[in-house]
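> Sequence plus the predicted model coming up.
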There are 2 protein chains.
Amino acid sequence: MSLSSAAPRLRVSMLAILPLAAFGAGAQWIWYPGDREIALGSEVQMRRIEKGEPDCVIWPEYSPWRQVTFGCGVYLEKPETVRVDVEGDAYIFTSIDDQKLAVKDGKMTLPAGGYWLSARVYNAVRAPAIRIEGEHVNTDPGWKVRWSTCDQSDAAFAPDCIAPDEKPSAFRMALERRTPVWQKSDADGIIADFGRETFGFVILKNVTGAGKVRIVYGESLEEANAGEDVDVWEALPLAAAAEHRLAVSRAFRYIRVTPLEGDVQVGGLEMEYEYLPLAYRGAFRCSDGELNRIWDVAAYTLHLTTREFFLDGIKRDRWVWSGDARQSAFMDYYLFADGDVVKRTLCLLGGKDPISSHVNTIMDYTLYWLMAVGEYYLYTGDAAFLKEIWPRVKAQTDFCRSLTDRDGFIVDRPGDWVFIDWTPEPVSKNGGACAFEQILFAEALKTSALVAQIAGDDASGAIYLRESETLRRKIVPAFWSEKDSALLSFKDGKTGELRDLTRYPNMFGLFYKYFDPATAKRIVDGVILNDGVMRITTPYMQYYELESLCSLGMQQRVTRRIKDYWGGMLALGATSFWEYYDANETGSQHYAMYGRPFGKSLCHAWGASPVYLFGRYYLGVEPTAPGFSEYEVKPNLGGLDWMEGSVPAPFGEIKVSVKDGTVRVRSSGGKGTLILPSGKRIAIPPHTTLTAPF
Amino acid sequence: MSLSSAAPRLRVSMLAILPLAAFGAGAQWIWYPGDREIALGSEVQMRRIEKGEPDCVIWPEYSPWRQVTFGCGVYLEKPETVRVDVEGDAYIFTSIDDQKLAVKDGKMTLPAGGYWLSARVYNAVRAPAIRIEGEHVNTDPGWKVRWSTCDQSDAAFAPDCIAPDEKPSAFRMALERRTPVWQKSDADGIIADFGRETFGFVILKNVTGAGKVRIVYGESLEEANAGEDVDVWEALPLAAAAEHRLAVSRAFRYIRVTPLEGDVQVGGLEMEYEYLPLAYRGAFRCSDGELNRIWDVAAYTLHLTTREFFLDGIKRDRWVWSGDARQSAFMDYYLFADGDVVKRTLCLLGGKDPISSHVNTIMDYTLYWLMAVGEYYLYTGDAAFLKEIWPRVKAQTDFCRSLTDRDGFIVDRPGDWVFIDWTPEPVSKNGGACAFEQILFAEALKTSALVAQIAGDDASGAIYLRESETLRRKIVPAFWSEKDSALLSFKDGKTGELRDLTRYPNMFGLFYKYFDPATAKRIVDGVILNDGVMRITTPYMQYYELESLCSLGMQQRVTRRIKDYWGGMLALGATSFWEYYDANETGSQHYAMYGRPFGKSLCHAWGASPVYLFGRYYLGVEPTAPGFSEYEVKPNLGGLDWMEGSVPAPFGEIKVSVKDGTVRVRSSGGKGTLILPSGKRIAIPPHTTLTAPF
């Protein structure tokens, strides 16, 4: 058996309908969309260790396609010698009798003429990738790539591209040498304090003797000194050397190195700080010094967790969780506005086929992922990415649609996790449709409809939009309790029971405008401001609770909450914000979680939400059309004397200040509208400072 | 974000419904069904080279799941220390509070009590695999393994297992040192002849100097001497050494080594023959010496191509093609009866999800794959494997069912290959349903129904069986041409045109008994014995043509065909049988194919079919119920004076001889029936030689 001339030859006929390579545009690495992120994500997440051993994610892991075929129409007046770089093994051929082209010393000669140039590239571990550089023929986004043999005509995806000198499999971050603020040797070895939470490669200096040491990563001094009781430590053999740099970068403030075997001694500690070199484009300053410090620490927390992907917490999980990542993306839009990390994160979480589990195994997290795709578009206007990610959006949407009951409500299966807010099962799962999830599902379907439309699949778009609207209309009638003035969690909920009456569906319902003003008022009084309803204690869900309050204009209340909660962490010496904080805990209780003495992450992305809240709800800047082509500025001092700051937009920062009874807005693009507390709307002229009484 | 105690805990409840590990049964390596074969197949097929560079398969490549979770219910009266071996990284924990178990120096201690023991294993390249060995707890087929988080209760697959001392990723074959029958040094370097077609690692002896050499693999002397004009050569740098063993085993009879750069010289050549150590359980001897030699060379051809998988041809493709492999499997049942290689091949070709292309991209090859699963069961009675492969059977069956037109006929899409017999497109594809494929589809659906039934999915089984029967009833009315006394290829076929009247659907229709005796006679005369209808020239399709003639009792005609065709290759000095043979070609024409001077494979599995034909249609042994629990022996001398031989069955060989007017049958199991030429049926008593006049 062999491939013969009888094999179908779609490639040739494609020449007529597909664009030729953009001549002379410069070569870029190309690969199958999302596959670099799938491989990188797998590598990054496997860096988690627990008590010296690797930990593995708890959800199904995908691999990049092992082999894909890249292709492009070529027309050359004379033969051209091009440079070929491959991550993997390549078999390159033309549509002229399937003629194989030989690559010698990284070069190959393309024949003259018009033909379809193809490269089958194989890589067992990483994303198969190729870069061809010539005078006229260069790999670039004009190329097509496919995995299947049957998606040539209508489902060939445009590949992702990165800069020519960067290998797709190697994700490089910036490095900076750092010395500790103090270090000392003692009976147990050596310990160092780097002054605040950080992330990087530990460097062991002046190593003498030989043996084995234990390295304990401490976010607190207590943790660094707790030996094997902590989660993150590693043991490694060590020989004499002037310097030994550890292979994997990790999070810590304190490092404790203890000799375990042999006569090995470590003379000193340093580190190489590893970070994404991002510009701080968003800014916020106000009359309250504590809030300014909160903003600074929140910004640093976000920076530490914004890496190859949005990580949840940098010490322990170092995993990419969709619910966490959606919040990180919103914070990013108000600080770095780095779209690339959002795209990498969405690609990784979008996964591949087949889908058999929710994103991170969590129903809400699949829905947040879908919503985050639309939000990325709103903040960036990047329609090209939506077209690229559309197959994943469709797959995830249809997966959710396959899990609906006869009312169209999404329901969980055995093995599905309904997370909401670490909500224990009687509250999150009772065998029926959960109100909170339905609100997310309606929003997710709306996003999917938008993506479908942009990707040109109007039929799917119409179905999703119709289903979104139908679902939205059903939610309040199904879950409303007149007696409680609230949405209950379940349709058969028993009025007033804790497990059925929670803040979650009500605050999301308020935020997504499910109620008329009179009903909204009843919910605010009866649930949101009712201390009898179970309080929200995680920074994760406080993001949504505070956002919900802000959207109702209650910034003054939010200011107090931020000062209490985030100010409380600062008062305890936090240099980054935590996974969880409870003002009623004391001492080492603050380090414990999950039944482990140092189980808590002290640098958790979802702790950084003030960066978002100040930009969006105090400075009040919000896009209302994709990429800030239209936007609103609706400042709210929230009880502060004055504030000033900036929010990044694609065309530059939008600067806002409110001081001494005057609001000032300056912007360099988009169709902006300033909305004053009176409700008065003023158009923001570009490149001019708009001033108005406030 | 982190995994918390709120995560669903199906594991615990599974304890009640799933079997405990078979205590003390001995530890085995376990992995996700099919994943070892997927990884191994990828590695094996990437060993193909073309002109010194890697070639890649032309179909979508799958990867093993990167991470799977193994699990088993455990009950221990006291703690037990077990040995742990992993291919990959493992995170092992129990259902008691998700307690992590530490592995130190390859050992871990299981706590006392009853719980579910789980191991998440990650491997980026090969199939994640684990082996746990203890007094009471051992990995074995009683364990469960899953990829998804939601298939715990109803779709957890039992893993495959292999012997404890063999690593799943390392497939070991037997090795045997061989010297050439002659070798000589000349102006171009050195050349050696190993006497006949072989496969193994070339050993370069007494290497002096340093530089680069080219190694040309020749199945013929002409090929070995043709330099870079041949397909299979490699160039490698070489330094002085007493011996240099090449890294990859390859096929050849002659080896030519030519210095390319430097002053390197090779003093001599040897090889290490690499083979599966299989017992020749089938046998055939008869009154015709040429047929005996044909049987011997066919058996050797099959042995050379029966390796990690059934390969098509060992020199060039070394790929696993389903149509070829199905024939190899039938030959195997009559020679080695090695079920393991059949299972490995079926697992690899069954692929994984998602399915977007036919097996090997060929419609017929998906259908043959399905049929081969049922045939494996018929010959081995291995119901356990059918249960294991059922998810793939269902996926492939439903993929085919998704490609049907409104009549239920399977049709091709752009990019699908309708191979039949290298049939050029106007004959194989004209935009409508092709008769040949429908006959295969009806048989495939019948097999799928059987597998469904054995796997306990009666609902799917009933659907497939009904669709198979409906399809079967539709085929003859749709494609029959009364004028031609034949099935035409297409419904809208123009009577008598070459592209519409072929042997293919007619001989398959005869074999699968689509016609009443009178109609069958018309087809035999009008098509099968009509030289006006395009002749079949490939050994591949001759397998089916000769089988079809045999099933009609025309063995005497088949004897002449075998002597002409296979005898013709022997007369040209063949030491293994070829991909293609045409008696009208002369000299070096015999080496050419695909427009290349040495494009033809001279050791091709489908050339070995006499091994099958003699066993099944001359000795006449055929199982009629799974695993030879029932079987028939219907000898046919096909014009020979005498014959004797054996056919392997699970309970031992069935021995048959016909000599001097007497037939003798001896068997040690099953319910056998001897069928005499008169039609008389005699029960075969076990462990006794049955003798009857013939």
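Structure's in. What do you need? Residues are numbered from 1 along each chain as shown, chains lettered A, B, ... in the order given.
> What residues does the stretch 551-694 of chain A have near chain B?
Contacts of the stretch 551-694 of chain A with chain B, taken as Cβ under 8 Å from any Cβ of the partner chain, map to A:579, A:594-595, A:601, A:604, A:606. Heads up, the C-betas are built off the backbone N, CA and C, glycines and all.
> Quick one, which of those residues are buried?
A:579, A:601, A:604, A:606 (16 or more other Cβ atoms under 10 Å in any protein chain shown).
> now, the most widely separated pair of those?
Across those, the longest distance by Cβ to Cβ is 9.8 Å; it joins A:601 and A:606.
> Give me the buried positions along stretch A:406-419.
For stretch A:406-419, by 16+ other Cβ under 10 Å, it's A:408-412, A:415-419.
> and if you look at stretch A:220-233?
A:220, A:222-226, A:230-233.
> Check stretch A:476-486 too.
A:476, A:478-481, A:484-486.
> hmm, which two among these are most spread apart?
A:478 and A:485 (16.2 Å).
> What is the neighbour count of residue A:102?
13 (other Cβ atoms under 10 Å in any protein chain shown).
> ok, back up a step: quick check: neighbours shared by residue A:601 and residue A:606?
A:312, A:579 (Cβ atoms under 8 Å, 6 or more residues apart in numbering or on different chains).
> Can you name the residue of the stretch 401-550 of chain A nearest to chain B?
Relative to chain B, the nearest point of the stretch 401-550 of chain A is residue A:415 (3.8 Å; Cβ to the nearest Cβ).
> Now do the contacts for the closest residue to that residue other than its chain neighbours.
Among residues not flanking residue A:415 along the chain, residue B:150 sits closest, at 3.8 Å (Cβ to Cβ, 6 or more residues apart in numbering or on different chains). Neighbouring residues of residue B:150 by Cβ under 8 Å, 6+ apart: A:356-357, A:413-416.
> Tell me which helix or strand residue B:150 sits in.
Using DSSP states H and E, residue B:150 falls within no helix or strand.
> so how far is the helix or strand containing residue A:270 from its chain's centroid?
Using DSSP H and E, residue A:270 maps to strand A:268-275. The chain centre lies 25 Å from the centre of strand A:268-275; the measure is Cα atoms, centre = their mean, to the nearest Å.
> So what are the sheet partners of the helix or strand following that strand and their directions?
Per DSSP H and E, the first helix or strand lying C-terminal to strand A:268-275 is strand A:283-286. When pairs are called by DSSP bridges, strand A:283-286 turns out to pair with strand A:643-649 (antiparallel).
> sorry, back to before: mind listing which of the buried residues of stretch A:476-486 are in helices?
A:476, A:478-479 (DSSP state H).
> Would you point out the helix or strand in chain A whose mean pLDDT is lowest?
None of the helices or strands of chain A scores lower by mean pLDDT, DSSP states H and E than helix A:10-17, at a mean of 38.
> so residue A:506, which of the three states?
Using DSSP: H, G, I helix; E, B strand; the rest coil, the structure places residue A:506 in helix.
> Tell me how many other residues surround the closest residue to it other than its chain neighbours.
Here the nearest residue to residue A:506 in space, its sequence neighbours aside, is residue A:527; by Cβ to Cβ, 6+ apart that works out to 4.5 Å. Here the number of neighbours of residue A:527 (other Cβ under 10 Å) works out to 23.
> What backbone torsions are found at residue A:527?
Per-residue torsions, residue A:527: phi -120, psi -60 (degrees, to the nearest 10).
> got a list of what it touches?
A:484-486, A:501, A:503, A:506-507, A:533.
> any weak-confidence spans in chain A?
Across chain A, the ranges flagged by pLDDT under 70 are A:1-25, A:151-158, A:164, A:426, A:492-499.
> which strand in it runs the most residues?
Identified as the longest strand of chain A according to DSSP state E is strand A:189-218.
> and it, does that touch chain B?
No - Strand A:189-218 stays clear of chain B (Cβ under 8 Å from any Cβ), getting no nearer than 12.8 Å.
> Buried residues of that strand, list them for me.
Buried-residue list, strand A:189-218, by 16+ other Cβ under 10 Å: A:189-194, A:197-205, A:207, A:213-218.
> Pull the distance from the helix or strand immediately after that strand in the chain to the chain's centre.
Note on strand A:189-218: by DSSP H and E, the next helix or strand toward the C-terminus is helix A:221-224. Offset of helix A:221-224 from its chain centre (Cα atoms, centre = their mean): 29 Å.
> got it, and stretch A:68-87?
35 Å.
> repeat for stretch A:649-656
Computed by Cα atoms, centre = their mean, the chain-centroid distance of stretch A:649-656 equals 22 Å.
> Also stretch A:403-415?
That offset, for stretch A:403-415, works out to 26 Å (Cα atoms, centre = their mean).
> how about the residues of the stretch 251-400 of chain A near chain B?
So the stretch 251-400 of chain A meets chain B at A:312-313, A:316-317, A:319, A:321, A:323-324, A:353-354, A:356-357, A:360-361 (Cβ under 8 Å from any Cβ).
> Just give me the closest of these to residue A:679.
Once Cβ to Cβ is applied, the member of these that ends up nearest residue A:679 is residue A:323, at 34.3 Å.
> residues in contact with that closest one?
Residue A:323 touches A:360, A:362, A:364-365, A:368, A:419, A:540, B:1, counting by Cβ under 8 Å, 6+ apart.
> ok, and the residue nearest the centre of chain A, which helix or strand is that part of?
Geometric centre of chain A, nearest residue: residue A:325, 3.5 Å, by Cα atoms, centre = their mean. Assigned by DSSP H and E, residue A:325 falls within helix A:322-333.
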